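> can you look at this prediction? I've put the sequence above it.
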Amino acid sequence: MADRSPELAIDAFFKQLSPCDTLCVAVSGGSDSTALLHLLHQYLADHEGPRLVAVTVDHGLRTAARDEAQQVAALCATLNIQHHIVIWDGQKSKTGVQDAARNARYALLRQTALACGAGAIVTAHTRDDQVETIRMRRRRGTGRGLSGMAQSVLYNRDCWILRPLLEVRKQALRDHLKQAGIGWLDDPSNLDRRYERVRIRLDESNPAEDDELLSMVSAMTQARHKEAESLGRFLKDNVIVHADMIVELPQVPEILSDHLQQAVALMAALMGGRAYLPGARSQDQIARFCAGGGAPRITLSRSVLDRRAQSIFIYRETRGLPRMSIEPDSTIVWDGRHQITNLASSGAILIGPAGKWQDPSLAELPGNVPPGVISRARGAQPVIISSGDVPVSTNAVSAAGQASISRYLTHFDLFLPDFECMVANSCATVFGLPAYPPSPL
């Protein structure tokens, strides 16, 4: 796959971009993000378009980070670009720190972007980053993840992350900065072998393979767009959600078996509150189950798959269900499945599983849903636990205005790549949720 010059990439980006008033640009001070900021500023100096707001996240992991953020602020001042420094407060775990920092960074960027009225966050992921991502995912096994990073990703259902430089080499960005007489900062963590991405970069760099990897990415992305159309139609036509706690899928002719297997994998993740689909090793198990082989009831992605003569029922298993306290005027995601807000101005509420208690507010379900399925699924539903450790229906509390509860689709609601939007909207339809906003690209 041919790489683009930085200037052509930015020109193509603005030609695709829907009209908006403000763009939030993530700028760490490294070569990639500094070049991105300068390229956007350079383009907008000659064209009408959105105003730029730059944001630097200080993760609080290095003492030099604060001074580096100030250097970014100084650069923004010379370009007359509004700049914000946001700090990741709180205790940092010694394990999984890169993932935690990434999640905190996006949360802080989103918060700043929404406060500034920005239509999206623009990040400086490059062609090099794309190759490293593919290498990392290939190490973990083949599958849908090999389609790589998407050009646009919806974060938290309300803020788009845009990546205009995915076809641009890092070296081309550095050459651009040198020509413009602009320096950049080097983060020492980019050479720290404790991190998987760094090991991939240092040990598996092979420019001769890059074009082949990126061609594979392009082909898989196109395939996923086509797959999304047919799977989306299958979901709308065949999935039934009972009382927001049981998914029903029909047994289908062999010609639709691939779609059924994909739907089962997806619904297992959604009903189990999982961010990721079952791994490659589970696909054979799903195929065998859907074809009528093996045990008629199995667990996968924290969900129970219950096969009957005419239908497959999928619901959350009753193990590993949390109890979580919600402070006043606060919102949590419970079990990866429900977003719950404590609407009270004082007094925390405790959320836990219903267990053996049967919520009297739940509507009667169709006669074809087996009683055992209903009983087990109800036991995994969230309820409010009173001070006397007595369950109270979340429906009743919601109706009384004490709390609000809505279905949360972890697989889509945190990070939604543009090539999954059609499937996500089909799932939103069957769960009775609003559609996801369209990509600005």
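Good, I have the coordinates.
> can you classify Arg62 by secondary structure?
For Arg62, the secondary structure call by DSSP: H, G, I helix; E, B strand; the rest coil comes out as coil.
> leaving out sequence neighbours, find the closest residue to Leu249.
Using C-beta to C-beta, 6 or more residues apart in numbering and skipping residues adjacent in sequence, the residue nearest Leu249 is Ile312, 4.6 Å away. Any C-beta I mention is one placed from the backbone N, CA and C, and that applies to glycine too.
> got it, and Thr22?
Here the nearest residue to Thr22 in space, its sequence neighbours aside, is Ala118; by C-beta to C-beta, 6+ apart that works out to 4.3 Å.
> same thing with Pro370?
The spatial neighbour of Pro370 that comes closest, neighbours along the chain excluded (C-beta to C-beta, 6+ apart), is Arg308 at 6.7 Å.
> quick check, that neighbour in contact with Val369.
No - if you go by C-beta atoms under 8 Å, Arg308 and Val369 don't touch, sitting 9.4 Å apart.
> neighbour count: those two, which is higher?
Counted by other C-beta atoms under 10 Å, Arg308 and Val369 do not tie: Val369 has more neighbours, with 19 against 15.
> okay, and for the stretch 201-350 of the chain, where does confidence drop off?
Regions of the stretch 201-350 of the chain meeting the criterion pLDDT under 70 cover residues 201-205, 208.
> what segments of it are strands?
Using DSSP state E, counting those that start in this stretch, the strands assigned to the stretch 201-350 of the chain run over residues 240-242, 246-250, 297-300, 303-307, 311-316, 324-326, 331-334, 338-342, 349-353.
> switch those over to CSV; also include mean neighbour count.
As requested, the strands of the stretch 201-350 of the chain are exported to CSV (neighbours: other C-beta atoms under 10 Å):
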stretch, mean neighbour count
strand 240-242, 18
strand 246-250, 21
strand 297-300, 16
strand 303-307, 23
strand 311-316, 24
strand 324-326, 16
strand 331-334, 17
strand 338-342, 20
strand 349-353, 21
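> closest to Val25 out of the ones you listed?
strand 331-334 (27.9 Å; C-beta to C-beta).
> please list the residues outside the closest one that contact it.
With contact meaning C-beta atoms under 8 Å, 6 or more residues apart in numbering, strand 331-334 is reached by 322, 324, 326, 339-342, 351, 382, 408, 410.
> if we go to 10 Å?
273, 321-326, 338-343, 351-353, 382, 394, 403-406, 408, 410, 413-414 (C-beta atoms under 10 Å, 6 or more residues apart in numbering).
> hang on, the earlier thing: joint contacts of Arg308 and Val369?
Once C-beta under 10 Å, 6+ apart is applied, the residues that Arg308 and Val369 both contact turn out to be Glu248.
> off-centre distance for the longest helix belonging to the chain?
Criterion DSSP state H: the longest helix present in the chain is helix 207-238. On the basis of C-alpha atoms, centre = their mean, to the nearest Å, the separation between the geometric centre of helix 207-238 and that of its chain is 17 Å.
> which other helices and strands does that helix contact?
Using 3 or more C-beta pairs under 10 Å, 6 or more residues apart in numbering; DSSP states H and E, the elements in contact with helix 207-238 are helix 127-139, strand 246-250, helix 257-271, helix 421-430.
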